[in-house]
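K.L.:
quick one, what's the 3D model for this:
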Amino acid sequence: MPTFTAYDGTELAYRTLGEGPPLVCLPGGAMRASRYLGDLGGLAAHRTLILLDLRGTGDSAVPEDESTYRADRQVADVEALRVHLDLERMDLLAHSAAGSLALLYAAAHPQRLGRTVLVTPNAWALGLGSTARDRLAAAHLREGAEPYDTAVQ
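P.N.:
Model prediction:
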């Protein structure tokens, strides 16, 4: 698995899968290794997926400073990966908890992004939290349609 060195000396790992233009992929979790993303439902047939193992996950090293697990500190890891890959601009996909990391990266480095895809993101980085009541209200919007009606029986 290829590696690169982050801003604080932590060795980070990533794997590549597929063919086509590169797409950097950030796993969610919180803090899950990227392997669970698989080939992103066949997307690897059209794009070269660059699947980052965030610090302390998968084949990436555990950092000496635990405060570097914060999403705002991991923005520098994403930028270090872009530089390591020698990409002027990159397309970025983030799943779940990595949505905040992608938003923070976009705010810090907008000129380095092409397309950004957020898959079931959280948006706490924007100050947009959700409560259990909010999620229940969103689920009720699907009443009268499958799979909602079957699921609530």
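K.L.:
what's the longest helix in the protein?
P.N.:
The longest helix of the chain (DSSP state H) is helix 71-84.
K.L.:
which parts of it are buried?
P.N.:
For helix 71-84, the buried set under the neighbour-count rule, 16 or more other Cβ atoms under 10 Å, comprises 71, 73-75, 77-82, 84. Placement of C-beta: from N, CA and C, glycine included.
K.L.:
between those, which sits nearest Phe4?
P.N.:
Nearest to Phe4 out of the buried residues of helix 71-84 is His84 (Cβ to Cβ; 3.9 Å).
K.L.:
for the residue lying closest to the closest one once chain neighbours are set aside, give me its contacts.
P.N.:
Of all residues not flanking His84 in the chain, Phe4 sits nearest, at 3.9 Å (Cβ to Cβ, 6 or more residues apart in numbering). Residues counted as contacts of Phe4 (Cβ atoms under 8 Å, 6 or more residues apart in numbering) are 11-12, 14, 80-81, 84.
K.L.:
go with 7 Å
P.N.:
Listed by Cβ atoms under 7 Å, 6 or more residues apart in numbering, the contact partners of Phe4 are 12, 80-81, 84.
K.L.:
over to Thr116?
P.N.:
By Cβ under 7 Å, 6+ apart, the residues touching Thr116 are 92, 102, 106.
K.L.:
pretty sure the first one is touching Leu104, no?
P.N.:
Going back to what we said before, that points to Leu92. No. Between Leu92 and Leu104 there is no contact under Cβ atoms under 7 Å: 11.5 Å.
K.L.:
Pro21 - how many residues pack around it?
P.N.:
Close neighbours of Pro21, defined as other Cβ atoms under 10 Å, add up to 11.
K.L.:
would you mind measuring from Thr3 to Asp53?
P.N.:
Distance check for Thr3 against Asp53: by Cβ to Cβ, to the nearest Å, it reads 9 Å.
K.L.:
these two: who's more crowded?
P.N.:
Higher neighbour count among Thr3 and Asp53: Asp53, with 22 against 14, using other Cβ under 10 Å.
K.L.:
surely that one and Tyr14 touch.
P.N.:
Yes. Using Cβ under 7 Å, Asp53 is in contact with Tyr14, at 6.4 Å.
K.L.:
span of stretch 36-52 from start to end?
P.N.:
End-to-end distance of stretch 36-52 (Cα to Cα, to the nearest Å): 11 Å.
K.L.:
in that stretch, what's buried?
P.N.:
By neighbour count on 16+ other Cβ under 10 Å, the buried set for stretch 36-52 is 37, 40, 43-44, 47, 49-52.
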